[in-house]
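J.: Fold the following for me, if possible:
(chains A, B and C)
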Amino acid sequence: MARLSSEAKVGLFVIIGIIILVFMSLRVGGIRFMRAEGYELYVRFDSAAGLDKDVSVQVAGVEVGRVRDITLEDYKAKVVLMIRKDVKIGTDFVAVLTTHGVLGERYIDLIPGSPNAPLLEPGGEITRTKAYTDIEKFITIMSDVAGDIKEVSRSFASVFGGAEGEATIKEIVVNIQDLTDRINRMVAANDEKFGRTMDNFERFSQLLREEGPEIAGGLRNITDNLNQIIAENRDTLKGSINNFETASLKLEKTMDAVNRLVGNVESKIEESVSSIKSITEKIDRGEGTIAKLLNDPTTHKNINTALSGVNDYLGRIKKFKVFLGYRGEYLADAEDTKSYFSLRLQPKADKYYLVEVVDDPRGSRSIETKDVTQGGTTTTTKEVKTLDEFKFSVQVAKRFGDLTLRGGILESTGGVGADFYLWDDNIKFTFEAFDFDEERNPHYKAGLTYNINRYFFITGGYDDFASKIDLDSYYLGAGFQFEDEDIKYLLGSIPIPK
Amino acid sequence: MIKIKDLKKSFNGKRVLDGVNLEIDKGKITVIIGRSGEGKSVLIKHIIGLLKPDSGQVLLEGEDLTKLDESEWNKTRRRFGMLFQGAALFDSMTVAGNVGFPLREHTNLDYKDILETVKDKLKRVGLVGVENMMPADLSGGMKKRVGLARAIIMDPEIVLFDEPTTGLDPIMSDSIADLMLDTQEQLKTTYIAITHDILLTYKIADKIAMLHNGKIIEEGGSKDIKETKNPVVRQFIEGNAEGPIRVY
Amino acid sequence: MREFLEETGRKTRTVVEISGQIGLMLSQALMWIFVPPYKWRNIIKQMEFVGVQSVFVVVLTGSFTGMVLALQSFEALKRFGAESMVAPTVALSVARELGPVLTGLMVAGRAGSAMATELATMRVTEQIDALTTMAINPTRYLITPRILAGILMLPILTIIADFVGIIGGYVIGVKMLGINSGVYIARTVDYLTFGDIMDGLIKSAVFGLILTLSACYYGFYATGGAEGVGKAATRSMVLGCVLILASDYVMTSMMY
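T.: Just a heads-up that it's a prediction; the model follows:
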C-alpha cells in the first residue's frame, strides 16, 4: 500500500471530523427551524421559576413546541411558546409548569380541554394556568401512607378471610374463654384490689347489656338523697327554676330561628347519620375482630407500627390522645338510666373528636302527624312515636381557654354544645342543644360534672327542659374515662394465651 | 562596494561595536579577524541586516542599508548569500531541498529546473549524489559545502562567511579554503569572511581587517598584516598567550 | 528593599515585554494569513503534525474521560435514583468542557512542546537567521502555518474527542452499569444541543491558537543553545496549559 501523502491524511482527517459533527448535530437536533414551521402563543405565569428558554412544551407527553422567550410583564412572567404548525391548541387548554420526576427537567404541559372549544389563533394567549404545586409532593407522601394502610389491611384480610379465618376466629373464641378462665383464676389468686377493679369492670359491662339493676338501685339512693336535699331547699330551688324557665322561654324563641335554618339541612344530616349508622353496624359485626386484634401478637405489632408511623406523620403534634369512657345518667322522671359509651380522639390539647354510642331507655321520640279521614271529615292527629334504638354522636370540639365549643351529630341529630371548665377542669358546666324539631321543641340539656379523680366523675343536670312532649327530667349520673395509656396498662396485665 | 561608517552597537549596556569603519572592495575576499567574542558575528549580521545598529551606517553602493524597511530588505537580501557557522541547514529538508529552497521560494522555476541548478551547484562545491540525503546524515565539512551551495544558488553579488572552518580538521579546512577561492574565481563574487583561523586568512584574503575592542585596529593585505608593528595584531597572528591582550 | 523593588520592576517589565512580543507575533502571523501567495504545503504539513498525528492520543484521552465520567456520575446519581442522567452528564461535560480542554492540553503537551523544540533548535542553529538572509520572512514561513493549523485542527480533534467520549460513556453506562441503551441515547439526545457542541468547538479553536502561539513564541525567541531548547519546550507547555485553562474560564463565563 502506498503511503498516504500529508494532503491526503489531513483531508481524510478533516472529512472525518466534519462527518462526526454533522452526524452529532443531526442526532441532537439542536438546529431547529421552529420560526418557519410553527406559530407563537403566549401564557402568563405568576412565577416562571426554573423555566428556561428552549424548554419543552408538551401535550400528553409529546413535545409540540419549545419556550421561545420569557419576559416580565406587569410583574408576571410572560412566556412565549413556539408551537408546531400541525398542532392546534384550544382556548380552554390549561398550561401547567411541571417537572419530569423529582430531579427532572422543567417543562410546560398543555392539558387539553373540550374538543369543541375554539382554537387559539397564532399570537393568542392560553389564559388557564396552573403553577407548580406541592400536590406532587403530597401525593408522594399519601401514596406512602396508602402503602402502609394496604399492608395493614392485607394482614387483616389474611387473618380473617376464608374458612381458615373462620377457624382462627373460632380458635380465638376458645382462646377468649380460656383467657377469661385464666383471668378469673389469676384475679382470684392475685391482688384483691385488682380483683375488685375487674369486678367493677365486669359489672359495668353487664349493666351495658342488662341495664344493671344494682347500679340503678344505687343511683336511686343517690336520687333519694338528692330529693331530700331538694325538699329541704325547695323554696330556693323553685325560685331558681322559675328563673331558668323564663330564660329557657327566651331561648326557645331564639331556637325557633335556628330551627328554620336547620330544617333546610335536615335531609343532609339524616343522610350522614344513616351512613354513620351503617358504619357502626359494621363495627358491631366486627366484635370478634377486635378480640382477635387484642390477642394476636402480630396484629398488635402491626397496629403499633402503624400507629408509630401515623405518629411520625403527625410530626409536630405533641400527643395524640385517645380516651374511652362510659357514663350513666339516671333520669329521675323516667326512672331509668341512659348510657353513653364514648371514644374521644384528641390530636391536640385544644381539639378533639368525640364519638358516642348512646342507649336511651326512652328511645328516640318524635311526633308524627297523621291525617285520618272518616266520613268526609279529616282529622289531624299527633302521635308520639318511640323508636328503640342506639343513638350516635359524632362531634368536633375546639377549646378556647376555659370554654370548649363543639358541634356535629348529637344523639343522631344535628346539634351543638358548649362546656365551661372551672377548678383545673375538675368542674364542667355543660350546655347542649340538638334534635331541632319544631313539633317537640329542640332538645336542650344543661348540666354539671365533677371529676372525683382522674378516672371517675359524677354528673347532674336538667335534660330536655324545653320539651313539649313532657320528656323533661332532672338527672344524676356517674361515669369513668380511661386514656389509651391506661387501657394499654390494663391489657398488658392480661397474659396472652398461647 | 560596501562602506561601514562608525558603526556602534551595545547589548545590555555592553558596547560590542564601538565605531567600526571598514571598506569592502567589490570582487575581492575580505577577511575580518579577531578574538572570539569580539563582535565579528555582530558586525557581519549588521551587513546583512539581521541586526540593527545603535548608530552608524552600512552603505551598499551608496545606499544606507540600516535605513531599509523589511520589504526593501527583502529585495536587497537577494544580492547576498550567507554561510552560517553551523551551516544552518533546514533539518526537515533533504540536501536538494535545502539548496533549492531559495529558488523554490523566489522563482517560478519548475521542479526539474530547480533540481538541475541544485545538482550544478553541488558539483561546484564538490558534492555529487547527495541530493536526497538529510542534513543530519552529513559530516561537518559536507554541511559547510551544502551551506555554501545554498548560499550561492541565487548567484549573489556578495557572500558572507561566518567562521567557515570552525569545527573542521585542518585538511578539511584547507579544502574549504580551496573551494572558496574556486567559487570566488568563477563568479567574481565579493566574499566577506570572519574567522580566527589565521592559516585560512593568509590563504584566501585579499584584504585582512583586525577587530579588537569594538574597532578595526589594523587593515591591509596579507603581507601588511604579517609585517605589522601593532603588538595586539602580532600577538593574535602569532597565537601568543603573552602580550598586551590579557587572557583570564 | 531596593533590591526587592528592582526585582519587582524587572519581573513586571519582563511580563509586559513578553505580552507585547506575543501580541506583536500574533498580529504579524495573522496579517500574513491574508497575504498571498499561500504556502499550502507548509500549512498542510503543520495540519498533519498538529491534527492527524494527535488523533491517537486524543481518542485515548477522550474515551477514557467519557468512561470515567460515566462511572463517577453513576455513583453520585444512583443515590437519587437518577441513573439515566449519567447520559446527559457525560455528554454535556464532554461536549462543553472536557472535550475541548483535554484536547487542548494533550495537543499542547504533544504538538506544542515539539513545535517549541523545533523552532528553538532552528533559532539556536541559526536556521531562522538563514531564512531571513534568504529573504524569507520567518514569521510568515514558520509561525503563520502553525497557528493556522492549531486554529483549524483543534476543533476537529475536539469533535472526535466528544464523539469517542460519549461512546466511552455509553459503553460503560450501558454495558457495565446496566443503563438501558435506548434510554441512554434518548437522554443524550434530549439534553445535548448543537449549541453545546458549538461552544466547545469555539473554545477549542481558541485553545489551538493559544497553544501554537505559546509554542511559537518560546521557540522563536529561544536563546542559549541546547539548554535553551529544553527551556523553550517546558515554558511553552506551561504557558500554553495555564492560558488554556484561564481562557477556558473566561470563555465559559461569557458563554453561559
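
J.: Residues of chain C that sit close to chain A?
T.: Residues of chain C found near chain A (C-beta under 8 Å from any C-beta of the partner chain) are C:44-45, C:47-48, C:51-52, C:55, C:80, C:82, C:85, C:153, C:155-157, C:159-160, C:162-163, C:188-189, C:191-197, C:201. The way it works is simple: take the backbone N, C-alpha and C, and place the C-beta from them, glycine included.

J.: List buried residues within these.
T.: Buried by 16 or more other C-beta atoms under 10 Å in any protein chain shown: C:44-45, C:47-48, C:51-52, C:55, C:82, C:85, C:153, C:155-157, C:159-160, C:162-163, C:188-189, C:191-197, C:201, out of the residues of chain C next to chain A.

J.: Next step: those restricted to helices.
T.: C:44-45, C:47-48, C:55, C:153, C:155-157, C:159-160, C:162-163, C:188-189, C:191, C:194-197, C:201 (DSSP state H).

J.: buried sites along stretch A:9-17?
T.: Across stretch A:9-17, burial judged by 16+ other C-beta under 10 Å covers A:9-10, A:13-14, A:17.

J.: among the residues you listed, which are within reach of chain C?
T.: Here is what survives when those are matched to chain C using C-beta under 8 Å from any C-beta: A:9-10, A:13-14, A:17.

J.: ok, these vs C:Pro138, which is closest?
T.: Among these, A:Val10 lies closest to C:Pro138 (C-beta to C-beta), at 23.2 Å.

J.: The closest one contacts C:Val50, correct?
T.: No - counting by C-beta atoms under 8 Å, A:Val10 does not reach C:Val50; the two are 9.7 Å apart.

J.: and the residue nearest the centre of chain B, what pLDDT?
T.: When C-alpha atoms, centre = their mean is applied to chain B, the residue found nearest the centroid is B:Phe161 (1.7 Å). Listed pLDDT for B:Phe161 reads 89.

J.: for it, what are its contacts?
T.: B:82-83, B:180, B:191-195 (C-beta atoms under 8 Å, 6 or more residues apart in numbering or on different chains).

J.: Am I right that it falls within a strand?
T.: Yes - B:Phe161 sits within a strand when classified using DSSP: H, G, I helix; E, B strand; the rest coil.

J.: For beta bridges, what are the partners of it?
T.: B:Leu83, B:Ala193 (DSSP bridges).

J.: And it, how close does it get to chain C?
T.: Going from B:Phe161 to chain C by C-beta to the nearest C-beta, to the nearest Å gives 12 Å.

J.: Look at B:Thr117 and tell me its secondary structure.
T.: helix.

J.: Please name the nearest non-neighbouring residue to B:Val31.
T.: Nearest residue to B:Val31 in three dimensions, chain neighbours excluded: B:Ala205, at 4.0 Å (C-beta to C-beta, 6 or more residues apart in numbering or on different chains).

J.: how much space between the one you found and B:Ile192?
T.: Remark: distance between B:Ala205 and B:Ile192 (C-beta to C-beta, to the nearest Å) = 11 Å.

J.: Mind listing the shared neighbours of the two?
T.: B:29-31.

J.: Within range of chain B, give me the residues from chain A.
T.: Looking at chain B, no residue of chain A is close enough under C-beta under 8 Å from any C-beta.

J.: how's chain A carved up into domains?
T.: Chain A breaks down into these domains under automatic domain parsing: A:31-133, A:237-284+A:317-492.

J.: What's the nearest residue in chain C when you look at chain A?
T.: Going by C-beta to the nearest C-beta, chain A is nearest to C:Phe194 of chain C, at 2.5 Å.

J.: Go ahead and confirm that residue touches A:Ser25.
T.: Yes - look at C:Phe194 against A:Ser25 with C-beta under 8 Å: they come within range, at 4.7 Å.

J.: Any idea how many residues pack against the closest residue to C:Gln127 other than its chain neighbours?
T.: For C:Gln127, ignoring the flanking residues on the chain, the nearest one in space by C-beta to C-beta, 6+ apart is B:Ala88 at 4.8 Å. Applying other C-beta atoms under 10 Å in any protein chain shown, we find 25 other residues in the vicinity of B:Ala88.

J.: what about B:Ala88, distance to A:Glu121?
T.: Noted for B:Ala88: a distance of 78 Å to A:Glu121, by C-beta to C-beta.

J.: does whatever residue of chain B ends up closest to chain A sit in a helix, a strand or a coil?
T.: Nearest to chain A in chain B, going by C-beta to the nearest C-beta, is B:Ser92, at a distance of 12.3 Å. Secondary structure, three-state DSSP: B:Ser92 is coil.

J.: what's the helix or strand hosting C:Leu131 packed up against?
T.: Using DSSP states H and E, the element containing C:Leu131 is helix C:127-133. Applying 3 or more C-beta pairs under 8 Å, 6 or more residues apart in numbering or on different chains; DSSP states H and E, one finds that helix C:127-133 contacts strand B:80-83, helix C:113-124, helix C:138.

J.: do that again at 6 Å, thanks
T.: Counting contacts by 3 or more C-beta pairs under 6 Å, 6 or more residues apart in numbering or on different chains; DSSP states H and E, helix C:127-133 packs against no other helix or strand.

J.: can you tell me if whichever helix or strand comes after it touches chain B.
T.: Next helix or strand after helix C:127-133 toward the C-terminus (DSSP H and E): helix C:138. No - counting by C-beta under 6 Å from any C-beta of the partner chain, no contacts exist between helix C:138 and chain B, the nearest distance being 10.9 Å.

J.: And stretch C:24-43, by the same measure?
T.: No - looking at stretch C:24-43 against chain B by C-beta under 6 Å from any C-beta, there are no contacts, and the closest approach is 8.6 Å.

J.: ok, C:Asp196 to C:Leu30 distance?
T.: For C:Asp196, the distance to C:Leu30 equals 28 Å [C-beta to C-beta].

J.: Please disregard the earlier target; I meant B:Gln184.
T.: 43 Å.

J.: Which of the two has more residues huddled nearby?
T.: Legend: neighbour count by other C-beta under 10 Å for B:Gln184 and C:Leu30, higher for B:Gln184 (19 against 15).

J.: Spatially nearest residue to residue 115, not counting backbone neighbours?
T.: Answering for chain A, as no chain was given. Closest to A:Pro115 by C-beta to C-beta, 6+ apart is A:Gly90, at 7.8 Å.

J.: try again with chain C
T.: Nearest one to C:Met115, counting by C-beta to C-beta, 6+ apart, is C:Ala215 at 4.0 Å.

J.: I'd guessed the one you found sits against C:Ala116; true?
T.: Yes - the criterion here is C-beta atoms under 6 Å, and C:Ala215 meets it with C:Ala116 at 4.2 Å.

J.: Name the residues contacting each of the two.
T.: C:Ser236 (C-beta atoms under 6 Å, 6 or more residues apart in numbering or on different chains).

J.: TSV for the contacts of B:Phe161, including pLDDT and distance to C:Gly182?
T.: Formatted as TSV, the contacts of B:Phe161 follow (pLDDT from 0 to 100; distance: C-beta to C-beta, whole Å):
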residue	pLDDT	distance to C:Gly182
B:Met82	89	69
B:Leu83	88	71
B:Met180	85	79
B:Tyr191	89	80
B:Ile192	90	79
B:Ala193	89	79
B:Ile194	90	77
B:Thr195	88	79
